[in-house]
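K.L.:
Got a sequence here, can you model it:
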Amino acid sequence: MWSTFASDSLMVHMNIWLILLTLLAVILYIVLHDRMSPPEYKPVADNGVFIKITPFPYSNNNNDTSKKQAPHLDITMILDSAALTTFPYALAIPVEENGIKLPTFDKNPIFAYDDKGNLPLHTHINTHASPPRREWFFLQRHPHGNIRFQLRVAAHDTNHTDPRTFPHLRYDAKGAFTGALNTFIPQPPSHQPFTWTLTFDLRNMPPNALAAWTWGEYHPALSPVLTTRGTPAAALNTVLAIGALHKYPPGVNAAESFGAYSTQHTPPANITQWTAELAAKTASFFHEPHRAYRLFFVRNPYRGGAGMCAFAQSLVLAYTDGMSGPDPGVTRDLVARRLVQSWLRLVETAADVRGSARWFNGGVGLYYGALLPCGFGMMSWSGVLVLLNRFAAAYYTSEAIAWTNDELTAAPASRETIHMQAEFRGFMYFVGLAYELRNTPNAPDLDSLMVQIVANERAGLHDHVQTWKNTVALYLGQKGWDGFEAMMDGAFMMPHPDSFAYLGMRCVRQDLYGFELGFAEECLDGSEEERVVYGLVVGSRAEKAGVRNGDVVVEHKSSTFRPLVEDYEARMVLRVRQGEKEVEIEYWPRSWEEVEAYQWILADAEKEMRKGPGQIVVGDA
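P.N.:
Predicted coordinates for the structure are as follows:
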């Protein structure tokens, strides 16, 4: 009897524990499911767009090749069909960006559904658009109600991809996804602002995975959806990172705050904190109400993969495996110019027949990237002098100084030094234009024109080259029109001696040796097998230093041409294979002949200078 009672009691206790464990499992499932899975959402009819992103990291499934899964994102995008009724197509994405092909969605086609069911999509490439783009449109019937687009985007493996692809969707050795949304999400054609809602499903990612977007961090409990308002071009010109990210500051970064993220290590404090201060002050300068800014550090396994790309209030900084991290001194200069480009850009249209707008987009980065930190008291005026002279020297010593803007644009992508000349030309143009505006009665200064461009962009009015040309002519008349055309035609530009008099500087003639690599610069691009020297210039400094046609370039110390072009004193250091042996060759990549050039000098080093946003006193910081 007691045995039976004890047995029954044990069974009761076991059943109770089983029930409790079951309830606990259910609760844990609900909690974890709620933590990782975003809420379903239907966009409002008033121009709402909802995007849900589900990342799938690389999985080998016990080496079963039939179940291997390449890293990719599954994306659902929902919007009201009323937003598309006046347009000939539903979605579009450029064919390529910076010479890199964007997703074609051939293997994984985009599917569309509305309230009535499946919506057959048809696609073609519009070669008449500028730039050419791939378009999707409805052929059989018009959509009704909400449209749901479903797409899958494969990520580039950074171990097997071109070093220039870092702004595009990529998957690195740490299992993290990074990329600019406009390089892998086709966008609606509207130029009107939408309310954008972004959320994530992270159930396939590690438990410590984080999703960070330009407009905030995804937290299932605290911020299950991220929102912003803007045109498709502005909202998708942003950066996304998903993975076990290191970040600064360590707390939750709201949409109004600064955040820095890295897939490899804690973001370096010196660069990160400096960028946070500069971003806040630059936003104030441009009267930007949205003070969020994001800095994304990306490691590239290719030595030539260092660089930066600017997006709307976000910046991607890539450094290579040959570096322990970004170089603080060089990085500050680059961050400043790219950060400015986050706000200031001209849109290229088919009507802009004079080549690309790189002269503007790159030129304002150089001009304001040097002057704004100085005006904010974050860079010494002597440091600004160095930068101004570097940019001017790069302009004057380029072999392409007299090329037209069309010719610069048409140069092969491998001619990096040629394409950079557009930026230095733009810089010199803005130096002259700023002086003319300051000395023209009733004309606004250059700062005011730039602030207005940013305001137009926020209002959905995209300035393009013709808009800029008309604006300058409005205040400077025929002189402004002729100056613009001369710049586009490659006319020689000489700054006014007092162009930077307000900084205590005077411009004087100082001839310089022209830039000359000494052989075809394409030799430094591609894999080691492709880096074979040809086109050696007889009698050049490269030849006299020991470079020979047929040498295989094993390594070149400068990851890009920019330091060589911008720093007049920079040395070229190559490790080449000549036959069976490797040798290191160092030389000055300059010609033997001087060219006409101009530089700024300090007119009065003791003079206190007053200029900059808000009339900040500029001293030796």
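K.L.:
what about the protein, any weak spots by pLDDT?
P.N.:
Where the chain drops to pLDDT under 70, the residues are 1-46, 60-68, 98-99, 158-166, 301-306, 320-330, 348-355, 526-527, 558-560, 604-621.
K.L.:
Give me the distance between the most centrally placed residue in it and Phe138.
P.N.:
Nearest to the mean C-alpha position of the chain, by Cα atoms, centre = their mean, lies Cys309 at 2.5 Å. Cys309 is 33 Å from Phe138, where distance means Cβ to Cβ, to the nearest Å. To be clear about C-beta, it is placed using only N, CA and C from the backbone, and glycine gets the same treatment.
K.L.:
Likewise for Ser257?
P.N.:
41 Å.
K.L.:
can you check Ile78 too?
P.N.:
For Ile78, the distance to Phe138 - Cβ to Cβ - is 16 Å.
K.L.:
Over to Tyr429?
P.N.:
45 Å.
K.L.:
more neighbours, the two?
P.N.:
Between Tyr429 and Phe138, counted using other Cβ atoms under 10 Å, the more crowded position is Tyr429 (21 against 18).
K.L.:
and the residue nearest to that one when sequence neighbours are not counted, how many neighbours?
P.N.:
Counting by Cβ to Cβ, 6 or more residues apart in numbering, Tyr429 lies nearest to Met487, which is 4.7 Å off, once chain neighbours are set aside. Met487 has 22 neighbours, counted by other Cβ under 10 Å.
K.L.:
show me what contacts Thr183?
P.N.:
97, 102, 167-169 (Cβ atoms under 8 Å, 6 or more residues apart in numbering).
K.L.:
For the residue lying closest to it once chain neighbours are set aside, list the residues it contacts.
P.N.:
Leaving aside its chain neighbours, Thr183 sits nearest to His168 (4.5 Å; criterion: Cβ to Cβ, 6+ apart). For His168, the contact set (Cβ under 8 Å, 6+ apart) comprises 97, 100, 102, 156, 179-180, 183-184.
K.L.:
gap between His168 and Pro103?
P.N.:
9 Å.
K.L.:
Mind listing the shared neighbours of those two?
P.N.:
What both His168 and Pro103 touch, as defined by Cβ under 8 Å, 6+ apart, is the set Phe184.
K.L.:
partner residues bridging the closest residue to His124 other than its chain neighbours?
P.N.:
Here the nearest residue to His124 in space, its sequence neighbours aside, is Glu135; by Cβ to Cβ, 6+ apart that works out to 6.1 Å. For Glu135, the beta-bridge partners are Ala92, His124 (DSSP bridges).
K.L.:
What separation do you get for Glu135 and Tyr89?
P.N.:
Relative to Tyr89, Glu135 is positioned 4 Å away (Cβ to Cβ).
K.L.:
Between those two, which contacts overlap?
P.N.:
By Cβ under 8 Å, 6+ apart, Glu135 and Tyr89 have no common neighbours.
K.L.:
you'd agree the residue nearest to Tyr429 is in a helix?
P.N.:
Yes. With DSSP: H, G, I helix; E, B strand; the rest coil as the criterion, Met487 is located in a helix.
K.L.:
is it true that it touches Arg425?
P.N.:
Yes. Using Cβ atoms under 8 Å, Met487 is in contact with Arg425, at 6.5 Å.
K.L.:
Mutual contacts of these two, please.
P.N.:
Common neighbours of Met487 and Arg425 (Cβ under 8 Å, 6+ apart) are 359, 405, 493.
K.L.:
For the last one, which residues are in contact?
P.N.:
Under the criterion of Cβ under 8 Å, 6+ apart, the contact list for Met493 reads 395, 425, 428-429, 432, 487.
K.L.:
before we move on, what about Gln187?
P.N.:
So Gln187 contacts 91-93, 232-233, 236 (Cβ under 8 Å, 6+ apart).
K.L.:
which of those residues lies closest to Leu602?
P.N.:
The closest of these to Leu602 turns out to be Ala233 (Cβ to Cβ; 43.0 Å).
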